[in-house]
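J.: Need the 3D shape of this:
(one chain, ligands or ions: 1)
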Amino acid sequence: MNKQICLATNNKGKLREYREILAPMGFTIYSPADLNIDFDVDETGADYRENSLLKAKGLRKLVPFPVIADDSGLEILALDCFPGLHSSRFAESMGGYPKAYEEIFRRLEGKDRSARFRCCICYLENEDSKPLYFEGFCPGQILNAPHGTNGFGYDPIFHSEEADIDFGVASEETKNAVSHRAKALQKLKVFFAIG
Ligand code: ITT
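T.: So this is what the prediction gives:
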């Protein structure tokens, strides 16, 4: 099996987590930037799966390696899974994460704070290969105020139920033991072990 893989992301936080999890298995993970590729895909899919495929296909034609793409988001149950598929775009539209946190706190006043992170990985070996999908969830609660600066994105306002820790103060190792991404990746690792 080719142990060189390109990750279809411009998100440094995701890249760090994939490397941390896959490097011990002997995989080298390249980002588009590592290969001097200007990578940008319009995320026009109707769900995580479609977006992950758009990213995987968009990159696979540009690189000589199999590709992993990750589409993920934060789903707040009392807000009908908002911001969900638009998690990144919502933060951008608010002018950054701190403002997005404030807006979420405002919308959640008096409501149940249950939430989950969700991740869909698409693995595409070759341009004409069948795409393989692996999904993972990470249940928790939205905090009352940001706590810590570890991780990325919405980590500073998320409390993980399984790890019983706020992701903003969790080590990478702790987050990677329970995260949505780690769980999806765990399934991909099983495929690599038998594939
Ligand atoms: P790429 O498309 O380049 O991979 P992106 O950040 O735009 O980067 P997504 O479209 O998948 O990626 O959006 C995922 C967003 O969901 C991400 O930017 C965060 O806002 C949020 N998110 C996903 N996983 C997260 C995590 O582990 N911790 C915190 N926030 C996360």
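
J.: got the buried residues for the longest helix that the chain contains?
T.: The helix spanning the most residues in the chain, taking DSSP state H as the definition, is helix 180-194. Residues of helix 180-194 classed as buried under the neighbour-count rule (16 or more other CB atoms under 10 Å) are 180-185, 188-189, 192. In this view, the C-beta of every residue, glycine as well, is placed from N, C-alpha and C.

J.: can you list the residues of this protein near the ligand?
T.: For the chain, the residues in contact with the ligand under the definition CB under 6 Å from any ligand atom are 9-11, 14, 43, 70-74, 87-88, 91, 117, 151-155, 179, 181.

J.: returning to that earlier point: list every C-alpha atom in the longest helix of the chain, with coordinates, as CSV.
T.: The C-alpha atoms that make up helix 180-194 are tabulated as CSV, following Å, rounded to 0.1, in the frame of the first residue of the first chain:
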residue,chain,number,x,y,z
HIS,A,180,-15.2,12.7,15.6
ARG,A,181,-12.2,12.8,13.3
ALA,A,182,-10.2,10.2,15.3
LYS,A,183,-13.3,7.9,15.2
ALA,A,184,-13.7,8.3,11.5
LEU,A,185,-9.9,7.8,11.1
GLN,A,186,-10.1,4.7,13.3
LYS,A,187,-12.4,3.1,10.7
LEU,A,188,-10.0,4.1,7.9
LYS,A,189,-7.2,2.6,9.8
VAL,A,190,-9.1,-0.7,9.9
PHE,A,191,-9.5,-0.5,6.1
PHE,A,192,-5.7,0.2,5.7
ALA,A,193,-4.9,-2.8,7.9
ILE,A,194,-6.9,-5.1,5.8
